[in-house]
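Chemist: 3D model of this:
(4 chains)
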2 protein chains.
Amino acid sequence: MAAKDKHALWPSEAAVSDVVGRLIEFWGFKRNMGRVWAILYLSPEPMSADDLRQALRLSSGAVSMTLSELARWGVVRKVWVQGERRDFFTAEVQLWRMISRVFNEREKAEIGYAIEAFDEALASLEKLRSSPDPKTRARAELQHQRIKQLADLARLGRDLLDALVSTAKLDAEPLVRFLLGASRSTTPRAP
Amino acid sequence: MAAKDKHALWPSEAAVSDVVGRLIEFWGFKRNMGRVWAILYLSPEPMSADDLRQALRLSSGAVSMTLSELARWGVVRKVWVQGERRDFFTAEVQLWRMISRVFNEREKAEIGYAIEAFDEALASLEKLRSSPDPKTRARAELQHQRIKQLADLARLGRDLLDALVSTAKLDAEPLVRFLLGASRSTTPRAP
DNA sequence: GATAAGTTTCAAAACAATTTGAAGTATGTG
DNA sequence: CACATACTTCAAATTGTTTTGAAACTTATC
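Modeler: The predicted structure is shown next:
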C-alpha cells in the first residue's frame, strides 16, 4: 500500500525529458533512452520500472528494454532500496563520465573501423600506382592522396576523442575551457 | 557516342564509398549521401548524374535527390563542362570546410534549441522554489541544480563548436593539433 | 513447493525512413 | 515549334526501426 503516486510530470520534467530524448535521438540512440534517463536524472529518489512506465506512458516491455540498454551503457544504475522487492534505478549524474563512456565505446569503434578501411584502400592502390597505363597511374595517384586525407582526418578525430576521454574520467570541463582559452589566442573570434 | 564508360568501381572506390556511407549514416545523414560524395571525391573528373547512377546502382530519382541534398549542404558543386549538355558534379575536397559547415548549421541549431528548452525549464521551476511545501521545494531545488548542469554542458558544447567552426573556415587541423598538444601538458596520457 | 510480484523476451504490429520508377517538367537543338 | 535529352517530383513499394503486450521466466515469501 505504498503511495500510488500518480504524480503527473512537472513541466520541467516533461520539457527536459522531451529535449533530452530528441538530443539523444539526434545522437544516434533511441529517443526513449534519453527520456528515461532524463526522468531518472531529475528524480530525487530512485524510481522503479513501473514508476517510469507511468511517467512516460510506455509499455512494460519498452521500459525493461530501455533500462537494460541504459545499464549496458553505464548511464543508469540499479540500486537496492531498503525493504523493497522490486528493482529501483538511478541515473548517472556525472555528465562527463557518461559522455566519455559513449565516445570511448561507440565513436572510437566507428572511427577505428573507418581508419582500417582507409588503410586497406590505400594498400590496394599501391599496385596501381606503378601501372603501365598513365591514366590508371594518375587516377591511382589522386585517389591515394585523397584517401590519405580522409585517413588523416579520421586519426585526428580519434586523437581528439582520446584526449577528451582520458581527461573526462573525472571531469573534462576544465580541460575544454582551457582549450577554448588557448584557441582564442590562436584564432581571434568575434565577441 | 561518348565513351559509355562501364568502368566498374575500383576496390579502393568501393571500399571508401562504403565506409564513408556508413560513417555518414552514423552521423545522421543518409547513407547514399556519403556514398555519392565519396565517389565524386575520388573521381579525377566531374561526373554526371548518370555516371553516379551506374557506379552505385541507384535509381535516377535517388541520384537526383541525393545530389540536391548534398548541394544544399554545400559539399557537392555543379560544374559546367565544356560542350556537355547535362550537369556535372564535383565534391568539395576541403574536408574541414565541409565539417564546419555541418557543425555550424546542424549541430548548432540542435544545441541552440536544447539550450532554450533548458532555460525555459529553469524558469518554470522558479515559482516552485519558494513553494510552501518543503517536499516540493526540495524537489524544485534539485531539479534546478541538475538542469543547470545540462544547460552548462550544452553551452560548453556550443562554444567548442564555435571555436572549431570559426577556425575551420580555412583548416582546423593546426588548431586541433595545437589543442591536443596543450591538453597533453594538462593531463598526461598513456603513450 | 505453491503462489504472487516483478522482470524479461520476442513475435507481431505500428510506425518511420528510404528507394523506386514512371509521369511530369524544363531546356537545348534542329 | 516539335523533338529529344536531362532532370525533378512524388505516390507507392520496400526496407528498417521501434513499440507493444502477452507468455515465459525468476525470485522472494509463506
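
Chemist: counting neighbours, what do you get for the residue lying closest to A:His144 once chain neighbours are set aside?
Modeler: Excluding its sequence neighbours, the residue lying closest to A:His144 (CB to CB, 6 or more residues apart in numbering or on different chains) is A:Leu125, at 5.0 Å. Bear in mind the C-beta positions are built from the backbone N, C-alpha and C, glycine included. As a burial measure, A:Leu125 scores 22 neighbours (other CB atoms under 10 Å in any protein chain shown).

Chemist: how about A:Trp73?
Modeler: Close neighbours of A:Trp73, defined as other CB under 10 Å, add up to 16.

Chemist: ok, so what distance separates it from DNA strand C?
Modeler: Computed as CB to the nearest atom of the strand, to the nearest Å, the A:Trp73 to DNA strand C distance reads 15 Å.

Chemist: need the three-state assignment for the residue nearest to A:His144.
Modeler: Taking DSSP: H, G, I helix; E, B strand; the rest coil as the rule, one finds A:Leu125 in the helix state.

Chemist: can I assume it is in contact with A:Ala140?
Modeler: Yes: applying CB atoms under 8 Å, one finds A:Leu125 in contact with A:Ala140, separated by 5.1 Å.

Chemist: is stretch A:129-139 in proximity to chain B?
Modeler: Yes: with CB under 8 Å from any CB of the partner chain as the criterion, chain B is reached by stretch A:129-139 at A:138-139.

Chemist: let's test this: mean pLDDT of that stretch, rounded?
Modeler: Averaging pLDDT along stretch A:129-139 yields 96.

Chemist: CA atoms only: put it into CSV for me.
Modeler: Output in CSV follows, covering the C-alpha atoms of stretch A:129-139 (Å, rounded to 0.1, in the frame of the first residue of the first chain):
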residue,chain,number,x,y,z
ARG,A,129,50.4,3.4,-58.7
SER,A,130,53.0,1.8,-60.9
SER,A,131,50.6,0.7,-63.6
PRO,A,132,51.9,0.9,-67.1
ASP,A,133,48.9,2.8,-68.2
PRO,A,134,49.4,6.5,-67.4
LYS,A,135,45.7,7.1,-67.0
THR,A,136,45.4,4.5,-64.4
ARG,A,137,48.5,5.7,-62.7
ALA,A,138,47.2,9.3,-62.4
ARG,A,139,43.9,8.1,-61.1
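
Chemist: residues from chain A in reach of DNA strand D?
Modeler: A:30-32, A:57-62, A:65-66, A:85 (CB under 7 Å from any atom of the strand).

Chemist: emit the PyMOL select command for whichever of those residues are buried.
Modeler: Burial among the residues of chain A next to DNA strand D is assessed by 16 or more other CB atoms under 10 Å in any protein chain shown; the matching PyMOL selection reads:
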select buried, chain A and resi 30+31+32+58+62+66
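
Chemist: tilt between the lengthiest helix in chain A and helix B:134-168?
Modeler: For chain A, the longest helix by residue count, based on DSSP state H, is helix A:134-168. With axes from the mean of the first three to the mean of the last three CA atoms, to 10 degrees as the basis, helix A:134-168 and helix B:134-168 are set at 150 degrees to each other.

Chemist: against B:Arg177, how distant is A:Val16?
Modeler: A:Val16 is 37 Å from B:Arg177, where distance means CB to CB, to the nearest Å.

Chemist: okay, these two: which has more neighbours?
Modeler: Just comparing A:Val16 and B:Arg177: by other CB under 10 Å the higher neighbour count belongs to A:Val16, 29 against 13.

Chemist: which ones are touching that one?
Modeler: A:Val16 makes contacts with A:38, A:41-42, B:117-118, B:121, B:147, B:150, as judged by CB atoms under 8 Å, 6 or more residues apart in numbering or on different chains.

Chemist: returning to what we had before: pick out the most distant pair among the residues of chain A next to DNA strand D.
Modeler: Pairwise distances across those (CB to CB) peak at 30.1 Å, for the pair A:Arg31 and A:Arg85.
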